[in-house]
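**Q** Predicted model follows, preceded by the sequence.
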Amino acid sequence: GAFLSYAGSSKRRTSELRLRPTGRARSARRKAATAATVTRMAASGGVWTVWTALICSAGGGLLAERTKFGATLSASLCTMLATLIMTNVGLLPPQHVVYDVVNSFLVPMAVPLLLFAADIRTVLRDTGILLRAFVLGAVGTIVGTLV
């Protein structure tokens with residue numbers, strides 16, 4: 001991995017021995033520096049970096065839905081967990097203008113698209129008593145605000 005090199009000066013009487021990385025150690029140091037640069041760039045919040053991270057996490061959520069664990073959670077929840085982890089680790093900034101675009105335009109467009117794909121008969125049949133409880137709670141809330 002490394003060798004000792006003599007770094008002395010003829011003008012100065014002080015000399016030192018230092019360990020210089022070679023081969024694998026130098027390659028590992030470069031990889032660590034590259035990873036640190038990517039992390040700093042992502043945390044700085046470049047617009048394209050944030051868009052790329054969000055699109056990759058969405059794609060990862062869709063791929064995760066093919067697994068048993070992902071199918072249990074759903075693609076959207078897997079995507080939210082991925083972005084949550086990336087933000088907490090420091091790969092994504094906690095606030096960014098891209099998030100405003102997502103919340104202002106993409107989410108409102110996604111809700112009707114998801115509802116268009118829903119089969120109302122299946123929803124009514126599968127929800128059963130839970131839907132009745134929800135409707136009762138919603139009516140109770142409306143009545144409570146009016147009274």
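**A** All right, it came through fine.

**Q** And the strands in this structure?
**A** 2-8, 15-21 (DSSP state E).

**Q** least reliable of those strands going by mean pLDDT?
**A** Lowest mean pLDDT of the strands of the chain: strand 2-8, a mean of 48.

**Q** For residue 81, give its distance to residue 61.
**A** 8 Å (C-beta to C-beta, to the nearest Å). (Glycine included, C-beta is placed from N, CA and C.)

**Q** what about the two, which has more around it?
**A** More crowded of residue 81 and residue 61, by other C-beta atoms under 10 Å: residue 61, with 21 against 15.

**Q** Surely that one and residue 71 touch.
**A** No. The criterion here is C-beta atoms under 8 Å, and residue 61 misses it with residue 71 at 11.5 Å.

**Q** Per-residue pLDDT of residue 95, please?
**A** Looking at residue 95, the pLDDT reads 89.

**Q** and it, backbone torsions?
**A** phi -130, psi 140 (degrees, to the nearest 10).

**Q** how many neighbours does it have?
**A** Neighbour tally, residue 95, other C-beta under 10 Å: 9.

**Q** Check residue 101 too.
**A** Residues near residue 101, counting by other C-beta under 10 Å: 14.

**Q** mind listing the helices for this protein?
**A** Under the criterion DSSP state H, the chain contains helices at 24-44, 47-64, 68-73, 75-89, 97-101, 107-116, 120-127, 129-146.

**Q** Lowest average pLDDT across those helices?
**A** helix 24-44 (a mean of 62).

**Q** show me what contacts the residue lying closest to residue 79 once chain neighbours are set aside?
**A** Nearest non-adjacent residue to residue 79, counting by C-beta to C-beta, 6 or more residues apart in numbering: residue 61, 3.2 Å away. Listed by C-beta atoms under 8 Å, 6 or more residues apart in numbering, the contact partners of residue 61 are 70, 75, 76, 77, 78, 79, 80, 82.
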